[in-house]
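Enquirer: Quick one: sequence and predicted model below, then my questions.
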Amino acid sequence: MNKKLIILTAFVCAFCLISNISVFASEDSTVIINAASFYKVESVDKNYTTSNNGSSWEFKYQGYPAGATGEIDSISFEQSYSHTFSGTISASRSEIEASLGYSFGKQKSFSITKYSRALSQGEYVKAYSRKYYNVSKVTQQLYNGYVAQGIYAYVYGYEAIMPQLKLEYYTSSSSASVVDNIVQKATENQPEERKTEEEVYELDKYGNWQLINVTSF
């Protein structure tokens, strides 16, 4: 190995110590650079889909039977749940979270308020909620130094958004005035009468409840 090659090798080794790149010399004295491999975020699709992520309906509220036809019940409750993810985190977590604009595991709180439709005499409403997420697809690509390898890994970010809401309507022979003498608000475990209707709502982009499904029984 001549003097110039020795100087060049020393310079490259010093650079690689700083840049986390490994260097070795082959038998024929050719300097070979083996760059460190890493993943980085290649692209983010923030409107990939929406999902319940396997969550179930949770009971939140039950009203009392209407004392007269035309009464409207007011449903109000709070719910909190966290942003989460599925898939493989291959790039740095901080880079992925920065690209999404939120942190996994951070809890978000929601205040849900909704009026029932007009009730018939003796009819009451039960409310359920189900966690809901805006799903983003994050594409990560493997790099060897500055060279893209065409090898990808995917992680899906689940951003907690306003939960879905389900209202169930039941008929009862009791009037509100009778029930109020016993308990102001009924509980989920109270014997149910016949279910007459079920409505499912989602919050639209304007902040209004949108009816997405209705079933009559």
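Expert: The structure has been received and is ready for your questions.
Enquirer: counting residues per strand, which one in this protein is longest?
Expert: Longest among the strand segments of the chain by residue count, using DSSP state E, is strand 147-171.
Enquirer: Quick one: mean pLDDT over it.
Expert: For strand 147-171, mean pLDDT is 97.
Enquirer: Kindly report the same for stretch 76-95.
Expert: For stretch 76-95, the per-residue pLDDT averages 97.
Enquirer: Any chance you could list what contacts that stretch?
Expert: 38-41, 53, 58, 60-61, 96, 102-114, 127, 129, 131, 133, 138, 140, 142, 153-160, 163 (C-beta atoms under 8 Å, 6 or more residues apart in numbering). For the C-beta atoms, the positions are set from N, CA and C on the backbone; glycine is no exception.
Enquirer: Out of those, name the ones that lie in helices.
Expert: Judged by DSSP state H, helices contain the following of the contacts of stretch 76-95: I96.
Enquirer: what pairs with the longest strand of the chain, and is each one parallel or antiparallel?
Expert: As defined by DSSP bridges, the strand partners of strand 147-171 come to strand 84-87 (antiparallel), strand 123-144 (antiparallel), strand 195-203 (antiparallel).
Enquirer: Kindly state the domain boundaries assigned to this protein.
Expert: Domain assignment of the chain by automatic domain parsing yields the ranges 1-34, 35-216.
Enquirer: Just name the most buried of these.
Expert: Highest mean neighbour count among those (mean count of other C-beta atoms under 10 Å): domain 35-216, with a mean of 16.
Enquirer: averaging pLDDT over each of the domains of the chain, which comes out lowest?
Expert: Across the domains of the chain, domain 1-34 has the smallest mean pLDDT, namely a mean of 42.
Enquirer: the strands in the chain, which residues?
Expert: Under DSSP E, the chain gives strands at 22-25, 31-34, 37-51, 58-62, 74-82, 84-87, 107-115, 123-144, 147-171, 195-203, 209-216.
Enquirer: Turn those into TSV, columns for distance to A68.
Expert: Shown next, in TSV, are the strands of the chain (distance: least, C-beta to C-beta, whole Å):
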stretch	distance to A68
strand 22-25	82
strand 31-34	81
strand 37-51	39
strand 58-62	19
strand 74-82	16
strand 84-87	45
strand 107-115	16
strand 123-144	11
strand 147-171	15
strand 195-203	17
strand 209-216	22
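Enquirer: returning to that earlier point: as TSV, the strands paired with strand 147-171 with distance to N213 would be great.
Expert: Listed next are the strands paired with strand 147-171 as TSV, based on distance: least, C-beta to C-beta, whole Å:
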stretch	distance to N213
strand 84-87	25
strand 123-144	12
strand 195-203	4
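Enquirer: what about those, which gets the closest to G70?
Expert: strand 123-144 (10.7 Å; C-beta to C-beta).
Enquirer: could I have that closest one exported to PDB, CA atoms only?
Expert: In PDB, the C-alpha atoms belonging to strand 123-144 read as follows (Å, rounded to 0.1, in the frame of the first residue of the first chain):
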ATOM      1  CA  GLU A 123     -90.900   5.100  24.500                       C
ATOM      2  CA  TYR A 124     -87.300   5.600  25.800                       C
ATOM      3  CA  VAL A 125     -83.800   5.600  24.300                       C
ATOM      4  CA  LYS A 126     -80.500   3.900  25.000                       C
ATOM      5  CA  ALA A 127     -77.100   5.200  23.700                       C
ATOM      6  CA  TYR A 128     -73.900   3.300  22.900                       C
ATOM      7  CA  SER A 129     -70.600   4.500  21.500                       C
ATOM      8  CA  ARG A 130     -67.800   2.800  19.600                       C
ATOM      9  CA  LYS A 131     -64.200   4.000  19.200                       C
ATOM     10  CA  TYR A 132     -63.500   5.400  15.800                       C
ATOM     11  CA  TYR A 133     -60.200   6.100  14.000                       C
ATOM     12  CA  ASN A 134     -58.800   7.900  11.000                       C
ATOM     13  CA  VAL A 135     -56.200   5.500   9.600                       C
ATOM     14  CA  SER A 136     -53.000   6.600   7.900                       C
ATOM     15  CA  LYS A 137     -50.600   4.400   5.900                       C
ATOM     16  CA  VAL A 138     -46.900   5.100   6.500                       C
ATOM     17  CA  THR A 139     -44.500   3.600   3.900                       C
ATOM     18  CA  GLN A 140     -40.900   3.100   5.200                       C
ATOM     19  CA  GLN A 141     -38.100   2.200   2.900                       C
ATOM     20  CA  LEU A 142     -34.700   0.600   3.700                       C
ATOM     21  CA  TYR A 143     -31.600   2.600   2.700                       C
ATOM     22  CA  ASN A 144     -28.000   1.600   2.600                       C
END
